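J.: Below are the sequence and a predicted model; questions follow.
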Amino acid sequence: MIDTSLVGYWSDDIMYSGATEANDLTFRPDGSGFTYWARLGDVFEVDRFTWHVDSAGKLHVRLIRMLTGTWTVRDNRIHHRVQLEDDIDVAHETSYALAAGRDVFGNNVSTLTLHRPILPAATVFALRKDGQDDPTAADTVSFGEPPAR
């Protein structure tokens with residue numbers, strides 16, 4: 001079953017001040033989604049997944065496709081260069097909690113806490129109203145080796 005309260009774009013970037021990494025999760029109503037991890041300094045990883053919640057309330061996420069590469073900012077937009085794309089099959093099961101909370105600035109936010117991480121070391125996320133789609137599915141993506149410097 002799909003828990004519609006999970007549907008949306010969740011990010012940890014507004015939960016911590018001064019973080020050098022961003023961890024995002026997007027749950028779509030059709031049972032698909034993606035993770036997005038990016039580190040200050042230009043590297044990223046996107047894991048596309050399927051998901052559902054079982055009758056006991058456990059979240060099941062199956063990572064099915066991994067894309068990694070580098071990102072840059074040009075013309076005030078983030079551009080992604082995918083350097084590795086591969087099918088994967090990694091299953092995660094975790095309990096979760098949804099609650100009201102506060103971001104690093106003291107603003108009220110809806111929070112998602114995973115009891116086991118899907119992304120390395122990321123377990124607390126805030127629902128973002130300005131969510132994004134899979135950054136590797138956008139027109140700002142190129143594939144292959146970066147240009148010579």
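T.: Noted; the coordinates are in hand.

J.: Please identify the buried residues of stretch 5-23?
T.: Applying a neighbour-count criterion of 16 or more other CB atoms under 10 Å, the buried positions in stretch 5-23 are 6-15, 21-23. From N, CA and C alone the C-beta is placed, and that goes for glycine too.

J.: C-terminal to the single longest strand found in the chain, what's the next element?
T.: Scanning the chain for the strand with the most residues, using DSSP state E, yields strand 77-94. Per DSSP states H and E, strand 77-94 leads on to strand 96-102 as the next helix or strand towards the C-terminus.

J.: Walk me through which strands that following strand pairs with, and which way each runs.
T.: Paired with strand 96-102 in the same sheet, following DSSP bridges, are strand 108-114 (antiparallel).

J.: hmm, who's touching the partner strand?
T.: Under the criterion CB atoms under 8 Å, 6 or more residues apart in numbering, residues 6, 10, 14-15, 25, 59, 94-103, 122-127 lie in contact with strand 108-114.

J.: and it, how far out from the chain's middle?
T.: For strand 108-114, the distance from its own C-alpha centre to the chain's C-alpha centre is 14 Å (CA atoms, centre = their mean, to the nearest Å).

J.: Could you tell me which residues within the helix or strand just after it count as buried?
T.: Following the chain from strand 108-114 toward its C-terminal end, the next helix or strand by DSSP H and E is strand 124-128. For strand 124-128, burial by neighbour count (16+ other CB under 10 Å) applies to 124-128.

J.: Same question for stretch 63-82.
T.: By neighbour count with 16+ other CB under 10 Å, stretch 63-82 contains the buried residues 63, 66-69, 71, 79-82.

J.: Farthest pair within the residues you listed?
T.: Among those, the pair separated by the greatest distance (CB to CB) is 63 and 79, at 24.1 Å.

J.: which one of the buried residues of stretch 63-82 sits closest to residue 49?
T.: Minimum distance to residue 49 across the buried residues of stretch 63-82 is 4.9 Å, recorded for residue 63 (CB to CB).
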